[in-house]
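Peer 1: my questions concern the predicted model and sequence given below.
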Amino acid sequence: ISLGHQFSKDNESVYVQISKIETADIESFETINRGFSKDKNHIYFHDEKVIDCDPESFYVFNNYYARDKDHVFYRNKSVPELDVDSFSLIENDLYDGEELSKDKNFVYFGGYGLLVNCDPMSFEVMTNSCFKDKSHVYIYGKILAGVKSTNFEHLGGSFFHDEKNIYLNENIIGPFITNLQFISGNYFSRENDIYYLNHGTIKNIQAERNSFSQIQWQFYKDDHNIYHLGTKLDWVHFESFQHIDQHYFKDKNHVFSGDLPIEGADPNTFEVLTSFVARDKSFIYVMGETIDGGDPSKLRFFDKFYITDGLQVYYLNNRMEDLTTVEGANPETFKRITHSISMDDKSVYRGSQIINGASPTSYVDLHYGFGIDDSGFYYYHDYFFEGEIYSYKILSYQLALVNGFLISEGYKTKVDEKSFCLLYTSPSPRD
């Protein structure tokens, strides 16, 4: 469920997205924050009643935790082990109290539940996945068996150590080495040496300590060599190696995308056109992948998401990690409408897929996955309502009111349009 404007009501029901809160009293219903709401009889978390709570003494800490005179609640259920009077949220730079809490006897880690045998007085947050108390170490809420917490320390990143071993999260990767100093990524220094640590690997890479530094991504260098994933790249030409753009590197013989060489790329004619798209004399590249048959001389951008090689149109998704062909698109008439909506003379597209039935002459993008044209209302790639649309309103992310129906994520429920209203959520005490 979205934590946006999720609550609404009409004269018959209260809704969370399109789910009805069946027991809600319409007249007295009100939101508390983005998680909790109430009426004269009950407290709710999203669309579920908070079980066995006292509404009169109910107090909300944040979007997940609350209490009454007798119980502490996480979401819609009480945590019977937690003591109301000594309960508090655990707050630091890694956690803001949304998940971690404690009382005089226990530490509670949200969906993971009670941390087994954890002492709240000595509890310490080491990283967002690792905690310890005076006796135990916890990784992702579970005790790290056989490890004493007294000498367990954070090395840097996801690495830890005790008096015997070095750990990558919960996994032993090798024996402990004293005086390791974290550099970045998987690299550590010790006196004049540089060590690379990974699963099952602790090795001295024989790099020069004083000049060792990160170039970008997994590429590092010293005064004489280039290193990648703990390995000296003897085949890379050091003097000509350079970072071209965010994702691309080259030397006089090779071109790299991220951490990998691009087979067949020509470093002499290689040029980066955007952070993800490049070309040389022979090929077009997106995220280091060659577009088969693409003619670099005909490369054209509609925007940073849509490109064409003159034969086909391609779409690069929002995360810039996947290039797909816009099947059937005409490069001559193709045009971008929004960052994810485009059209040509025959079809409308969301991303790389056709919006089935949508007309390029009348389609209007309404954002959040919704669209409308002369023949209907659309959600993502398909009709949602076919025929006349006499009323519509986009309410919030994935929530709309269309022809008297409240719709969300492809589902709908009938509401009374005249009495329908959104219930804007109040900030929690911590927002």
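Peer 2: All right, it came through fine. Numbering: from 1, shown residues only.

Peer 1: I'd like the mean pLDDT over stretch 15-24, please.
Peer 2: Average pLDDT, stretch 15-24: 93.

Peer 1: go on, stretch 192-203?
Peer 2: 94.

Peer 1: which residues are contacting that stretch?
Peer 2: For stretch 192-203, the surrounding residues in contact (C-beta atoms under 8 Å, 6 or more residues apart in numbering) are 159, 166, 168, 171, 173-175, 177, 180, 183, 186-189, 204-209, 212, 222, 229-230. No exception for glycine: its C-beta is placed from N, CA and C like everyone else's.

Peer 1: contacting residues for residue 237?
Peer 2: Per C-beta under 8 Å, 6+ apart, neighbours of residue 237: 251, 252, 253.

Peer 1: same check on residue 220?
Peer 2: Counting by C-beta under 8 Å, 6+ apart, the residues that residue 220 touches are 187, 207, 212, 213, 214, 226, 227, 228.

Peer 1: how does it look with 10 Å?
Peer 2: Contact analysis of residue 220 by C-beta atoms under 10 Å, 6 or more residues apart in numbering lists 183-187, 194, 196, 205, 207, 212-214, 226-230, 232.

Peer 1: cool, and residue 123?
Peer 2: By C-beta under 10 Å, 6+ apart, the neighbours of residue 123 are 90, 100, 102, 106, 107, 115, 131, 132, 133, 134, 136, 138.

Peer 1: nearest to residue 418, of those?
Peer 2: residue 100 (45.5 Å; C-beta to C-beta).

Peer 1: what is the neighbour count of residue 41?
Peer 2: 12 (other C-beta atoms under 10 Å).

Peer 1: next one: it from residue 61, what distance?
Peer 2: 22 Å (C-beta to C-beta, to the nearest Å).

Peer 1: do the same with residue 119
Peer 2: 22 Å.

Peer 1: give me the more crowded residue out of those two.
Peer 2: residue 61 (21 against 17).

Peer 1: quick one on the thing from earlier: among the contacts of residue 123, name the ones in strands.
Peer 2: 90, 100, 102, 107, 131, 132, 138 (DSSP state E).

Peer 1: okay, these in CSV with neighbour count and pLDDT next?
Peer 2: Formatted as CSV, those follow (neighbours: other C-beta atoms under 10 Å; pLDDT from 0 to 100):
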residue, neighbour count, pLDDT
90, 19, 92
100, 23, 92
102, 22, 96
107, 22, 97
131, 25, 96
132, 25, 97
138, 25, 97
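
Peer 1: which member of those residues is positioned nearest residue 383?
Peer 2: Of those, the one sitting nearest to residue 383 (C-beta to C-beta) turns out to be residue 100, at 45.7 Å.

Peer 1: if we can go back for a sec, of the contacts of residue 123, which is the nearest to residue 300?
Peer 2: For the contacts of residue 123, the nearest to residue 300 is residue 100 (51.5 Å; C-beta to C-beta).

Peer 1: who are the neighbours in contact with that closest one?
Peer 2: Contacts of residue 100 (C-beta under 10 Å, 6+ apart): 65, 89-92, 94, 107-110, 112, 115, 123, 125, 128, 131.

Peer 1: top of those residues by neighbour count?
Peer 2: residue 65 (28 neighbours).

Peer 1: isn't residue 43 up against residue 60?
Peer 2: Yes: using C-beta atoms under 10 Å, residue 43 is in contact with residue 60, at 8.9 Å.

Peer 1: overlap of the contact sets of those two?
Peer 2: 32, 36, 66, 73.

Peer 1: compile the residues you listed into CSV and extend it with columns for secondary structure and distance to residue 143.
Peer 2: Output for the shared contacts of residue 43 and residue 60, formatted as CSV (DSSP: H, G, I helix; E, B strand; the rest coil; distance: C-beta to C-beta, whole Å):
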residue, secondary structure, distance to residue 143
32, coil, 35
36, strand, 32
66, strand, 28
73, strand, 26
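
Peer 1: can you add distance to residue 10, pLDDT and neighbour count and give those back as JSON lines?
Peer 2: Listed next are the shared contacts of residue 43 and residue 60 as JSON lines, based on distance: C-beta to C-beta, whole Å; pLDDT from 0 to 100; neighbours: other C-beta atoms under 10 Å:
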{"residue": "32", "distance to residue 10": "21", "pLDDT": "91", "neighbour count": "20"}
{"residue": "36", "distance to residue 10": "21", "pLDDT": "93", "neighbour count": "26"}
{"residue": "66", "distance to residue 10": "27", "pLDDT": "96", "neighbour count": "26"}
{"residue": "73", "distance to residue 10": "29", "pLDDT": "96", "neighbour count": "25"}
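
Peer 1: ok, of those residues, which one's closest to residue 288?
Peer 2: Closest to residue 288, out of all of these and judged by C-beta to C-beta, is residue 36, at 47.2 Å.

Peer 1: that older thread, mark which of the contacts of residue 220 are part of helices, please.
Peer 2: Residues of the contacts of residue 220 located in helices (DSSP state H): none.

Peer 1: for PyMOL, write a command that selects the buried ones of the residues you listed.
Peer 2: Burial among these is assessed by 16 or more other C-beta atoms under 10 Å; the matching PyMOL selection reads:
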select buried, resi 183+185+186+187+194+196+205+207+212+226+227+228+230+232
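
Peer 1: which residue ranges of the stretch 151-300 of the chain form helices?
Peer 2: Here the stretch 151-300 of the chain has no helices by DSSP state H, counting those that start in this stretch.

Peer 1: flag the shaky bits of it, pLDDT-wise.
Peer 2: By pLDDT under 70, the stretch 151-300 of the chain has no low-scoring segment.

Peer 1: kindly report the same for the stretch 1-150 of the chain.
Peer 2: Residues of the stretch 1-150 of the chain that meet the cut-off, pLDDT under 70, sit at 1-5, 96-97.

Peer 1: where exactly do the helices run in it?
Peer 2: Under DSSP H, counting those that start in this stretch, the stretch 1-150 of the chain gives no helices.

Peer 1: how many neighbours does residue 8 have?
Peer 2: 22.

Peer 1: list the beta-bridge partners for it.
Peer 2: residue 15, residue 422 (DSSP bridges).

Peer 1: so it is in contact with residue 416, correct?
Peer 2: No: using C-beta under 10 Å, residue 8 makes no contact with residue 416, being 11.3 Å away.

Peer 1: residue 165 and residue 398: what is the separation?
Peer 2: Relative to residue 398, and taking C-beta to C-beta, residue 165 is found at 47 Å.

Peer 1: likewise for residue 225?
Peer 2: 51 Å.

Peer 1: how about residue 25?
Peer 2: From residue 25 to residue 398 the distance is 27 Å (C-beta to C-beta).
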